[in-house]
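Trainee: sharing a sequence plus its predicted fold:
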Amino acid sequence: MQLIECPWCGAREEAEFHYGGQAHVAHPEDPHALDDEQWARYVFFRDNPKGPFAERWAHAAGCRRWFNALRDTVTHEFLAVYRVGDPPPPVPGTAPATHRTAPGAQPRQGQEATS
Amino acid sequence: MTVETPVRSSPLDGWQNTFDRLPESLAIREIPFLTQLSLRVEPGSPAARAVEDALGIALPGPSRADMSGEVKALWLGPDEWLLVAPPDQGHDLVTRLRAAIGDAFATVTDVSAQRTTLALSGHLTREVLARGCAIDLDPRVTPVGSCLTTLLAQAGVTLVVRGVAASSAWLLVRSSFAGYLASWLVDACTEYRGDV
């Protein structure tokens, strides 16, 4: 079974973790200012890259904390894990990762669930 | 008509006879009704220091447990500990800790009924646990005092290493999983019947 490195607990079996989708999707600062299309884009549209992808993971059977991971979607290799709130580490051989934000979104401290 | 008095029964009531028939090199005993408090507090904060002063221990760091005192502290997460004390101390301990914390920010909740505790000892402990648990119980990786919340035979457990090379350990398991885990442990010992 694949091992995933939890930032708190160290390497644990994949079965202890839950997947949480794309990381760094900021909640719109003022959802009421968005039209339906912009809201649908925030709620439903996610990147689907072939290669490194910043994702949210939860160590559900361990410390129960959410964290972020950079995973290669082709090889399933975890390139890096980092704590919620930390910027994504640079992907080897590419330009620095860009944050995907919804219209009107401002990155906020603590906007992602921490437990 | 008789009035039934509620009698407290532990999740593994009635299992001791089965545990007693296990190979001599693995002893299993339930420690029922331990007081367990969930402590949520930011490490290093004034509230955390107040708790440490009140208990006379230091809250252990990641994947560690402090088992030295009467009130034991098990690390469950970066801002979460399980305080384990002898039975029937929940009310006193909660009152004491809440008074110590005062207006600082922390939560103390009595969760004694959530889990029951299994004490395992004997040189087969590590080998039997390895049948259902991916944690490396080599003393170089998990020395005495390690506290790991993980899956054992797909059931969530908190495993505390108490003896060198996991020659004794505590398993804290959710009450509703206790029966399953007990049967799994007994089954995992089957091949060691007759071993000394």
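Mentor: In hand now; what should we look at?

Trainee: give the contact list for residue 43.
Mentor: No chain specified, so I'll use chain A. By Cβ atoms under 8 Å, 6 or more residues apart in numbering or on different chains, residue A:43 lies in contact with nothing. All C-beta spots, glycine's among them, are computed from the backbone N, C-alpha and C.

Trainee: I was after chain B.
Mentor: Residue B:43 neighbours (Cβ under 8 Å, 6+ apart): B:59, B:78-79.

Trainee: how is it assigned, secondary-structure-wise?
Mentor: coil (DSSP: H, G, I helix; E, B strand; the rest coil).

Trainee: residue B:108 versus that one, what's the distance?
Mentor: Per Cβ to Cβ, to the nearest Å, residue B:43 is found 15 Å from residue B:108.

Trainee: burial check on whatever residue of chain A ends up closest to chain B, number of neighbours?
Mentor: As assessed by Cβ to the nearest Cβ, chain B sits closest to residue A:63 within chain A, at 4.1 Å. Under the neighbour criterion other Cβ atoms under 10 Å in any protein chain shown, residue A:63 is assigned a count of 25.

Trainee: that one belongs to a strand?
Mentor: No. Read with three-state DSSP, residue A:63 is coil and lies in no strand.

Trainee: nearest to chain A, of the contacts of residue B:43?
Mentor: residue B:78 (5.7 Å).

Trainee: how about that closest one, what does it touch?
Mentor: Per Cβ under 8 Å, 6+ apart, neighbours of residue B:78: A:8, A:63, A:65, B:43, B:62.

Trainee: redo those residues as a markdown table? Include distance to residue B:34.
Mentor: Putting these into a markdown table (distance: Cβ to Cβ, whole Å) gives the following:
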| residue | distance to residue B:34 |
| --- | --- |
| A:8 | 25 |
| A:63 | 22 |
| A:65 | 25 |
| B:43 | 24 |
| B:62 | 23 |
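
Trainee: residue B:173: which of the residues you listed is nearest?
Mentor: Closest approach to residue B:173 among the contacts of residue B:78 (Cβ to Cβ): residue A:63, at 17.2 Å.

Trainee: who's the closest spatial neighbour of that closest one, skipping the chain neighbours?
Mentor: residue B:77 (4.1 Å; Cβ to Cβ, 6 or more residues apart in numbering or on different chains).

Trainee: how close does the one you found sit to residue B:38?
Mentor: 10 Å.

Trainee: buried ones in stretch B:167-179?
Mentor: For stretch B:167-179, a neighbour-count test (16 or more other Cβ atoms under 10 Å in any protein chain shown) marks B:167-174, B:177-178 as buried.

Trainee: tell me which residue lies nearest the centroid of chain B.
Mentor: Centroid-nearest residue in chain B, with Cα atoms, centre = their mean: residue B:172, separated by 3.5 Å.

Trainee: tell me which element it is part of?
Mentor: If you go by DSSP states H and E, residue B:172 is part of strand B:168-174.

Trainee: gap between that strand and the chain center?
Mentor: How far strand B:168-174 lies from its chain's middle: 5 Å, per Cα atoms, centre = their mean, to the nearest Å.

Trainee: ok, now stretch B:69-77?
Mentor: 9 Å.

Trainee: state the mean pLDDT of that stretch.
Mentor: Averaged across stretch B:69-77, pLDDT comes to 96.

Trainee: could I get the contacting residues of residue B:136?
Mentor: Each residue near residue B:136 by Cβ under 8 Å, 6+ apart is listed here: residue B:142.

Trainee: distance of it relative to residue B:9?
Mentor: Distance from residue B:136 to residue B:9, by Cβ to Cβ: 36 Å.

Trainee: okay then, goodbye and thanks.
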